[in-house]
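> From the sequence below, what's the structure:
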Amino acid sequence: MLKTIRERFWNWRVVLVTTPSVALAVILLRLTGILQTLELAAYDQYMRWRPPESRDSRIVIVGIDEDDLKFIGQGYVPDGVYFELIQRLNAMNPRVIGLDIYRDLPFEPGHSQLVRLFETTDNLIGIEKVIGDHFFSRVGPPPALAAKGQVGANDLIVDQDNRVRRALLYFPRENGETVHSFAVHLALRYLNEEPDFSVEIVEGTDNWWKFGDVVFVPFEGNDGGYVRADDGGYQVLLNYRGPSQHFEIVSMRDIFENRVASDWGSDRIILIGSVGESMKDLFSTPYTLAPDQRMTGVEIHANIVSNIISAALENRPLIRTLPEVIEWLWILFWSGLGATLTWRLRDPTRVGQFLFKRVVILVMAGGILLGFTFIVFLGSWWLPVVPSSLALVGSVVVITAYIARSASDIRKTFGRYLSDEIVANLLEHPEGLKMGGERRKITILTSDLRGFTALSERLPPEEVVQVLNFYLSYMADVITHYQGTIDEFMGDGILVLFGAPTLREDDPERAVACAVAMQLAMAQVNEQMEKWELPALEMGIGINTGEVVVGNLGSEKRTKYGVVGSHVNLTYRIESYTTGGQIIISEETLNCTNPNLVKIDDKKLVQPKGVKNPIAIYEVSGIAGKYNLFLPKETEIFYSLSQPISLQYTVLEGKHVGENLFSGRLLELSDRSALIGAEDGTDSLPLVLTNIKLNLKSSDSELREDIYAKVLEKPAEPGKFYIRFTSKPPVIEAKLNDIYQIIKG
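Sure thing, here's the model as predicted:
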């Protein structure tokens, strides 16, 4: 028994350590206040998701806006207007009228009438601002109402993000006198007319109020998502009934023009307050996402009043929170849940499945967390959301990191593989470690820089490596983006597989899109080449699709994941027909793609070495659809030389220079190409798409350096042929460029 307990403890030691560690870290992070903004944002979102409650018909608002000011013809409302308004409303027999308008100073005409009304109206409550702040100064009460004790403080508590989430019921003055809020005065006046109603002080508490069966538990500084908030006075979290305009609001002119029924205010609480935009009595609430969604102060007071009387008469709950220690246990629970699920579903030999399961764990557990906390929020309970989510994610991450570290020995076994995808694939299928391979139809991409060999001969080795690494890093990023597998780097060449080790239906299309993206990325590569004061680089790309053997090549001591087959060689042959900036694909690749996507500029028949019959190859200019990648169109203009330049050329056979040397003349020149006239008869004309080496006839030794070019298919007059330069020494490039600029004019 003891042995079993020890074994289980050892097997689950990571979970037993991770759970409290992550929970403690989250709790400490929470106590710093860093998470308060996020937690309050989650609270606001829950408030917005919650369906609005029914309108509280016991409370109505007479709102004063800019149209009312136009109606009375003044920029402010004089006391005489309020006198008439309150008289009209009082004639409707409301239980109480709340004047949420400062009236500590006279606004003539009609001030004396309003004072007499204050003195004779027992169901009228006025306001004062008791707590001054950096936005508003203190404002005194109407003296006549203050003398009768019919004044309440209309101060609102605004959080650091300028939102109102709490209600202030009462607070002490500096002299120790208790000041009740405007809303409390209104609610008590209303409730005093209810049969068998009384407000109780909960026994054994510091003056906690109990309205009906609902105890108003005072807000404390660390309740909910708050951290060290100001909890002075008697505060409660405000349980809004809904967003702005949720209470019935009529305008002042509606009252004066008798647009409401004579008993409209009967037995109700009538609030009078400013609702106009220019009157600057607007506040952000949990419902506020835009300025036009702010709530007027009088509506917030209506919500506070509704909170009190709904709790007293209907047992409607306030927003409640758990004790801080219970919240810590709640965070610990989610930390343990994430750690436990991740540990139980571990399998270091199946990385892909484990990663998938980890995502599923997070999604499901996160969904349960959000769903449960929202459901209890519908019942007016505020449980920590952000800290619990962090604890869940943190424990999953820690357990995953531990498992990944534990699997490092397994991964070292696959250190000989170049691709992360290959490693992951072999971890998913350990049988893939066996020597040999499988026959599979894949798409192969190979690229090569034009003239890079000649360039590297003129640069120090360190600069060659710098240029090569910069170029390869850009290409590798593009290839990875299109889910290609880099089989190997061969100097300045790259061999890429689409369909090995992972076969996908759209491999040919992604290969074409990758090729176009690689050519487009050359612009950024050449920007850096220009900064290094080096000639621009050009790349040719060939793509072919066919059946090959992919798998482990080599021996038990040294293994390489590679590809073998005639289609690999054919891909290299196809690439050899390209000039700088070109993409050429085989007919098989074209047939495997959507014909409406791949844009073809040219088709030609060629007979590569080792292939019995001619094959069709196609020049690609772009790919449409979701990729939407196209190569820029470049039109070359040839200019005739006033004095042709004599030269010699020879055909390259593979990597070897041919034995026959022919004479010719450079007749026309463009930015990258030229027209050559052969002087040794038609037998000296090189075949289309062959590579040639040229040397200018000059007394200057630097101008006699080797130039490399490819013969173009561009039609020419008999005895002439067009070439595309693939490599020019700097001196010759500068010379030809000067000539080109002169003849171009």
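> Let's see the pLDDT reported for the residue nearest to Leu652 when sequence neighbours are not counted.
Nearest non-adjacent residue to Leu652, counting by C-beta to C-beta, 6 or more residues apart in numbering: Asn691, 4.2 Å away. Glycine gets a C-beta too; all of them are placed from N, C-alpha and C. pLDDT, Asn691: 88.
> Might one say that Asn691 is in contact with Asp706?
No - using C-beta atoms under 8 Å, Asn691 is not in contact with Asp706; the gap is 12.0 Å.
> picking up where we left off before, what's the neighbour count on the residue nearest to Leu652?
The number of residues packed near Asn691 is 19, by other C-beta atoms under 10 Å.
> Please apply the same query to the one 3 residues further on.
By other C-beta under 10 Å, 21 other residues sit near Leu694.
> do the same with Asn596
Neighbourhood size, Asn596 [other C-beta under 10 Å]: 8.
> Could you measure from it over to Glu509?
11 Å (C-beta to C-beta, to the nearest Å).
> Common neighbours of those two, please.
Gly625 (C-beta atoms under 8 Å, 6 or more residues apart in numbering).
> Could you pull out the helices in the stretch 151-300 of the chain for me?
In the stretch 151-300 of the chain, the helices defined using DSSP state H, counting those that start in this stretch lie at 182-191, 252-256, 297-314.
> For the residue nearest to Leu652, give me phi and psi.
phi -100, psi 140 (degrees, to the nearest 10).
> who's in contact with Trp330?
So, once contact is read as C-beta under 8 Å, 6+ apart, Trp330 ends up touching Leu322, Leu383, Pro384, Ser388.
> on contacts alone, who are the packing partners of whichever helix or strand the last one is part of?
Ser388 is located in helix 386-406, with elements delineated by DSSP states H and E. Counting by 3 or more C-beta pairs under 8 Å, 6 or more residues apart in numbering; DSSP states H and E, the packing neighbours recorded for helix 386-406 are helix 13-31, helix 36-49, helix 324-344, helix 351-378.
> Secondary structure element holding Arg573?
Assigned by DSSP H and E, Arg573 belongs to helix 566-576.
> List the buried residues of that helix.
His567, Val568, Leu570, Thr571, Tyr572, Arg573, Ile574, Glu575, Ser576 (16 or more other C-beta atoms under 10 Å).
> you'd agree Cys579 is in a strand?
To be clear, residue 579 is Thr; Cys isn't right here. No - if the criterion is DSSP: H, G, I helix; E, B strand; the rest coil, then Thr579 is coil and not within a strand.
> what about it, how many neighbours?
21.
> same check, this time on Ser698
So Ser698, with other C-beta under 10 Å, has 15 neighbours.
> Which residue, neighbours along the chain excluded, lies closest to it?
That would be Arg704: by C-beta to C-beta, 6+ apart, it lies 5.7 Å from Ser698.
> and if you look at Leu537?
Leu449 (5.5 Å).
> residues in contact with that neighbour?
Tyr471, Asp492, Gly493, Leu537, Glu538, Met539.
> you'd agree Glu488 is up against Ala476?
No - at 12.0 Å, Glu488 and Ala476 do not qualify as touching, with contact defined as C-beta under 8 Å.
> nearest to Gly276, of the contacts of Leu449?
Minimum distance to Gly276 across these is 65.6 Å, recorded for Tyr471 (C-beta to C-beta).
> how near is that closest one to Tyr402?
For Tyr471 relative to Tyr402 (C-beta to C-beta), the value is 39 Å.
> which of the two has more neighbours?
Taking neighbours as other C-beta under 10 Å, Tyr471 and Tyr402 compare with Tyr471 leading, 22 against 18.
> Low-confidence stretches in the stretch 101-250 of the chain?
Applying pLDDT under 70 to the stretch 101-250 of the chain picks out residues 132-137.
> go again using 90 as the cut-off
Within the stretch 101-250 of the chain, the segments meeting pLDDT under 90 span 104, 130-140, 171-178, 193-215, 232.
> Next, the angle helix 351-378 makes with the helix holding Ser388.
If you take axes from the mean of the first three to the mean of the last three C-alpha atoms, to 10 degrees, helix 386-406 sits at 170 degrees to helix 351-378.
> And helix 386-406, what's buried?
386-400, 402-403.
> so who does Leu570 touch?
Asn544, Gly546, Ser586, Pro608, Val611, Ile615.
> how about those residues, which pair is most distant?
Largest separation among those by C-beta to C-beta: Gly546 and Pro608, giving 13.2 Å.
> neighbour count winner among the two?
Using other C-beta under 10 Å, the more surrounded residue of Gly546 and Pro608 is Gly546, with 18 against 15.
> one step back: nearest to Gln45, of the helices of the stretch 151-300 of the chain?
helix 297-314 (18.6 Å).
> pLDDT on the closest one, on average?
pLDDT averaged over helix 297-314 gives 94.
> What helices and strands are in contact with it?
Using 3+ C-beta pairs under 8 Å, 6+ apart, helix 297-314 sits against strand 59-64, strand 166-172, helix 182-191, strand 209-211, strand 214-216, strand 269-274, strand 282-283.
> could you say what helices and strands the second one packs with?
Right, strand 166-172. Counting contacts by 3+ C-beta pairs under 8 Å, 6+ apart, strand 166-172 packs against strand 178-180, helix 182-191, strand 234-237, helix 297-314.
> could those be laid out in CSV, adding distance to Pro718?
Formatted as CSV, these follow (distance: least, C-beta to C-beta, whole Å):
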stretch, distance to Pro718
strand 178-180, 108
helix 182-191, 102
strand 234-237, 94
helix 297-314, 92
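> Of those, which is nearest Tyr740?
Closest among the helices and strands packed on strand 166-172, using C-beta to C-beta: helix 297-314, at 76.8 Å.
> Give me the next element, helix or strand, following that closest one.
strand 320-321.
> residues making contact with that next one?
Contacts to strand 320-321, defined as C-beta under 8 Å, 6+ apart, come from residues Val217, Asp223, Gly224, Leu237, Glu327, Ser380, Trp381, Trp382.
> Let me see the contact set for the closest residue to the last one other than its chain neighbours.
What that stands for is Trp382. Leaving aside its sequence neighbours, Trp382 sits nearest to Gly224 (C-beta to C-beta, 6+ apart; 4.6 Å). Going by C-beta under 8 Å, 6+ apart, Gly224 touches Glu39, Tyr43, Leu237, Ile319, Thr321, Trp382, Pro384.
> Kindly report the same for Leu497.
Ile442, Thr443, Ile444, Leu445, Gly484, Thr485, Asp487, Val550, Val563.
> So the residue nearest to it when sequence neighbours are not counted versus Ile494, what's the distance?
Using C-beta to C-beta, 6+ apart and skipping the chain neighbours, the partner closest in space to Leu497 is Thr485 (4.5 Å). Distance check for Thr485 against Ile494: by C-beta to C-beta, it reads 11 Å.
> one step back: could you report the neighbour count for the residue nearest to Leu497?
The local packing of Thr485 (other C-beta under 10 Å) involves 24 other residues.
> Correct me if wrong: it contacts Leu495.
No - contact criterion C-beta under 8 Å: Thr485 and Leu495 do not qualify, at 9.5 Å.
> Quick check: neighbours shared by the two?
Both Thr485 and Leu495 lack any common contact, where contact means C-beta under 8 Å, 6+ apart.
> how close does Leu35 get to Ala339?
20 Å.
> And those two? Which one has more around it.
Ala339 (29 against 21).
> Now do the same for the more buried one: its pLDDT.
pLDDT recorded at Ala339 is 87.
> which ones are touching it?
Listed by C-beta under 8 Å, 6+ apart, the contact set of Ala339 reads Val14, Val15, Thr18, Thr19, Val22, Ser395, Val396, Val398, Ile399.
> Distance to Ala523 for the helices and strands packed on helix 297-314 - can I get that in a markdown table?
Formatted as a markdown table, the helices and strands packed on helix 297-314 follow (distance: least, C-beta to C-beta, whole Å):
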| stretch | distance to Ala523 |
| --- | --- |
| strand 59-64 | 62 |
| strand 166-172 | 58 |
| helix 182-191 | 66 |
| strand 209-211 | 72 |
| strand 214-216 | 68 |
| strand 269-274 | 61 |
| strand 282-283 | 52 |
